[in-house]
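1. I would like to see how this sequence folds:
(one chain, ligands or ions: 1)
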Amino acid sequence: MNDNINNRGLWRSKIGFIAAASGSAIGLGNIWRFPYLTGENGGAAFVFIYMFFVLLIGFPVMLAEVSIGRNTQRNPVGAFKKLAPKTHWKYVGILGVISGFAILSFYSVVAGYALGYIFETLFGAFRNVQTAQQTKLIFGEFASNPISSLLCLSLFLFVNGIIVYKGVEEGIERWSKTLMPILLFLLIFLVIRSLTLKGSLEGLNFYMKPDFSKVTGSTFMNALGQAFFSLSLGMGTMITYGSYLSKKDNLVTSVSYVCLFDTLIAFIAGLAIFPALFAMGLAPNEGPDLVFVVIPSIFSKIPGGTYFGTAFFILLVIAALTSTISLLEVVVAYIIEERGWSRKRATVGASIISFLLAIPSALSGGIVKFFTKLPYYGGDFLSFMSTVFGSYALSIGCLFIAVFVGWRWGVHRASQEIANGNPKFKSRVLWHFLIKFVSPIAVLLIILNLIKSSFF
Ligand code: PFF
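-> Next up, the predicted model:
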């Protein structure tokens with residue numbers, strides 16, 4: 001086991017961590033999940049609350065996770081075991097590993113859709129599309145076909161497994177550094193087209209002019225969960241990625257960049273989608289299909305849209321890959337270091353389990369009635385997994401991580417770790433206050449409020 005630990009990789013360059021952690025953070029969460037949740041939760045007020053949470057809770061929790069990781073140089077379970085030996089804290093790490101499997105499963109299904117859309121777009125499925133109703137039908141047909149869903153899912157997981165198998169510095173860093181800026185560029189291009197469509201102003205208002213009268217407890221819960229999901233927090237991803245950092249790196253600066261890039265991309269994705277959505281007469285609460293309906297409709301209104309659209313979906317798949325790599329890496333690092341498996345065996349085993357777990361989500365697009373409309377829940381299986389693991393489990397994970405760093409490991413020890421590479425650590429006192437009081441209390445109140453409104 002020790003051998004496995006000593007052989008851990010390190011990021012190659014100073015921006016290695018920023019690139020890889022941004023790669024983990026930026027993905028379908030920004031371009032698929034953020035817009036559909038914004039649409040379902042009333043628009044600008046949700047965006048506002050979301051950003052507030054990123055700043056006040058997401059940022060301090062990310063700093064906490066990364067400092068645990070760098071200090072212990074372990075996977076999440078090993079990290080808790082090292083800092084609090086023979087206690088129950090290791091279960092926070094185990095919850096993280098379980099969440100990793102669960103999120104990887106439904107996430108890969110959506111990534112599989114994006115993969116399939118590369119070919120749909122390239123072969124001209126959207127070339128003669130006139131209305132958004134048509135793109136809606138195309139997506140409905142595509143997602144309800146079990147063969148293509150499962151095929152795209154397997155292909156995606158296969159590529160993901162190969163990259164993770166190759167190891168940290170080879171696989172992850174290289175992909176993230178070069179391709180994410182191109183995605184940003186294409187998104188800006190989409191924003192321009194979207195804003196110049198007739199009738200786009202209404203969408204802009206929906207997205208930017210908050211109406212707080214419609215905010216409820218579940219708006220807060222969704223915004224909080226989305227902040228954690230988008231920043232890859234609450235399941236030890238940032239502990240794992242932080243564990244490959246060198247003592248010379250400045251954690252505060254690195255974490256600031258990751259939060260900034262991630263929020264920027266989500267914001268720009270919304271800016272591309274909502275003006276176009278209103279211009280095309282769609283309803284904002286379209287749900288998880290939103291991005292697959294609106295984006296092809298915008299491309300159909302651009303000269304050369306087939307090629308730009310194809311490029312967009314290629315980049316979306318790559319953005320998804322840099323995130324799923326991090327999800328699988330958490331699980332694999334745990335199996336290698338705690339169970340003593342080889343990287344190859346751990347990667348293959350974890351990928352197969354994720355595939356099996358993903359099958360119900362892949363079938364929730366239409367073919368199996370049970371998975372399309374779950375009893376009691378009412379929505380489909382994929383949305384169910386996204387809510388339970390993408391929002392609730394991550395929020396609970398973040399709550400425990402904040403309590404752990406604030407009260408068990410202790411802010412002073414954590415600050416000493418952060419001071420490596422940042423001897424002054426100017427925001428020390430503010431961070432202590434946020435991680436000890438603000439983050440845990442806010443997360444707890446939001447969870448309690450949700451329980452109250454769901455059951456009483
Ligand atoms: N942050 C990723 C996204 O926004 O697409 C999803 C994700 C990756 C969530 C890794 C959690 C995680 F640990």
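2. So which residues on the stretch 101-250 of the chain come close to the ligand?
-> Ile103, Phe229, Ser230, Ser232, Met235, Thr237 (C-beta under 6 Å from any ligand atom). Backbone N, C-alpha and C define where each C-beta goes, glycine included.
3. The fourth one: how many residues sit nearby?
-> Okay, so that is Ser232. When neighbours are counted by other C-beta atoms under 10 Å, Ser232 registers 31.
4. Same check on the first one?
-> Around Ile103 sit 26 other residues, with neighbours defined as other C-beta under 10 Å.
5. what about the chain, any weak spots by pLDDT?
-> Residue ranges of the chain with pLDDT under 70: 1-9, 12, 14, 167-176, 366-369.
6. For it, give the residue positioned nearest to the ligand.
-> Nearest residue of the chain to the ligand, counting by C-beta to the nearest ligand atom: Gly29, 1.9 Å away.
7. for the residue nearest to that residue when sequence neighbours are not counted, what are its contacts?
-> In space, Gly29 comes closest to Ser230 once its chain neighbours are excluded; the distance is 4.2 Å by C-beta to C-beta, 6 or more residues apart in numbering. Contacts for Ser230 (C-beta atoms under 8 Å, 6 or more residues apart in numbering) come out as Ala25, Gly29, Asn30, Arg33, Phe34, Val54, Asp262, Thr263, Ala266.
8. Would you mind measuring from Ser230 to Ile298?
-> For Ser230, the distance to Ile298 equals 22 Å [C-beta to C-beta, to the nearest Å].
9. relative to its centroid, which residue of the chain is most remote?
-> Largest separation from the mean C-alpha position in the chain: Asn128, at 33.0 Å (C-alpha atoms, centre = their mean).
10. Could you look up the SS state of that one?
-> Using DSSP: H, G, I helix; E, B strand; the rest coil, the structure places Asn128 in coil.
11. Can you pull the phi/psi pair for it?
-> phi -100, psi 20 (degrees, to the nearest 10).
12. Adding distance to Leu444 and secondary structure, write the contacts of Ser230 out as JSON lines.
-> Below are these laid out as JSON lines (distance: C-beta to C-beta, whole Å; DSSP: H, G, I helix; E, B strand; the rest coil):
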{"residue": "Ala25", "distance to Leu444": "24", "secondary structure": "helix"}
{"residue": "Gly29", "distance to Leu444": "23", "secondary structure": "helix"}
{"residue": "Asn30", "distance to Leu444": "27", "secondary structure": "helix"}
{"residue": "Arg33", "distance to Leu444": "24", "secondary structure": "helix"}
{"residue": "Phe34", "distance to Leu444": "24", "secondary structure": "helix"}
{"residue": "Val54", "distance to Leu444": "19", "secondary structure": "helix"}
{"residue": "Asp262", "distance to Leu444": "24", "secondary structure": "helix"}
{"residue": "Thr263", "distance to Leu444": "24", "secondary structure": "helix"}
{"residue": "Ala266", "distance to Leu444": "25", "secondary structure": "helix"}
